[in-house]
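1. Structure for this input, please:
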Amino acid sequence: MNSMPLIAVDIGNARMKLAFFHREQNEGVPEPESLLTLQGSLPAWGRLQPWLDELGHGQLHWFIGSVNRPAATKLLDWLRANRPADPATMLAAGDLPLEVRLDRPDMVGIDRLLDALAAKHFRQTDRPAVVVDVGSAITIDLIDADGAFLGGSILPGIEMSARALHEYTDLLPQIAMAELDTPPPVLGTSTIPAMRSGLFWGMVGAVRQLTEKLAEQTSGDAEVFLTGGAGKILAELLGAHAQHVPQLTLAGIALAARHELELKGDRLLYRQARGRPPKNQTK
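-> Here you go, the predicted model:
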């Protein structure tokens, strides 16, 4: 991919995920060699430097996909203060090798586009795909059979919905829904189990319905890829056609990085091929 190792950074609204890519991986979807997750919308940095020290490398190239501007700014400030020699690239829609068939590609969340870029490589050739990212918000997007991003749907994530139930009612408590290893019972026999049931199974129903409706918008049998907090359990409930890809966004960042580095390499080769006359030579 490049002689300089790279760090892919996925900055969301609830956490920041970082992946280290070292080996040259010019074919297929890159696989991270090391992962770090920092919790919080503005995470503390105490674990970052020890993780970088364990990697045992000098200069690193950082590629960042962010939907959280304050957290991205804080990371860039940290890099300037602690690793000033490391180049950093904030990815935007125009940097991705992905056709976006919308009027304003620049207004689409970069996380959605990065997920689509990775899913485009994971899917079977010439098959459409639906991509579900279960985060603070749940995004469900459609990739056409030719690999173009067509748009999709956005709905509140399960934690956001749980908070809304508490904040917009008088008696319903705040409950934690972030860590779900198994589906809750459908029949809730008291308030909190009933809330868990409604929140979880309502999410499952919404994702299933939107996935099916979006798949109907394109020809062919769509593959379904899920990522994010509840991605694994949702994939199991949606059936055999659904695949869980835990690091889908990070894979998309690595693919975008590969594309950017290849473009820079092509530009360098082009300049070298053209050459420049010596300073003392006149035309």
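
2. Run through the neighbouring helices and strands of the helix or strand where D10 lies.
-> Assigned by DSSP states H and E, D10 belongs to strand 6-11. Helices and strands touching strand 6-11, by 3 or more C-beta pairs under 8 Å, 6 or more residues apart in numbering; DSSP states H and E, are strand 15-21, strand 61-66, helix 69-82, helix 248-274. Heads up, the C-betas are built off the backbone N, CA and C, glycines and all.

3. Out of the ones you listed, flag the one nearest P193.
-> strand 15-21 (27.1 Å; C-beta to C-beta).

4. Which residues belonging to the helix or strand just after the closest one are considered buried?
-> Using DSSP H and E, the helix or strand that follows strand 15-21 towards the C-terminus is strand 34-39. By neighbour count on 16 or more other C-beta atoms under 10 Å, the buried set for strand 34-39 is 36, 38.

5. Which strands border strand 34-39, and is each parallel or antiparallel?
-> Partners of strand 34-39 in the sheet, by DSSP bridges, are strand 15-21 (antiparallel).

6. Can you check what angle separates the strand it pairs with from helix 69-82?
-> 50 degrees (axes from the mean of the first three to the mean of the last three C-alpha atoms, to 10 degrees).

7. outside of strand 15-21, which residues touch it?
-> Residues from elsewhere that reach strand 15-21 (C-beta atoms under 8 Å, 6 or more residues apart in numbering): 1, 5-10, 30-40, 43, 48, 51, 55, 71, 75, 247, 249-250, 253-254, 257.

8. Make a PyMOL selection of the buried ones in these.
-> Per 16+ other C-beta under 10 Å, the buried members of those correspond to this PyMOL selection:
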select buried, resi 1+5+6+7+8+9+10+30+32+36+38+43+48+71+75+247+249+250+253+254+257
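
9. Minimum distance to D115: which of the helices and strands packed on strand 6-11 has it?
-> helix 248-274 (5.2 Å).

10. What does the pLDDT read for S3?
-> The model reports S3 with a pLDDT of 59.

11. Begin at 59, not 1, for the rest of this chat.
-> Noted, 59 is the first residue going forward, which turns the last one into S61.
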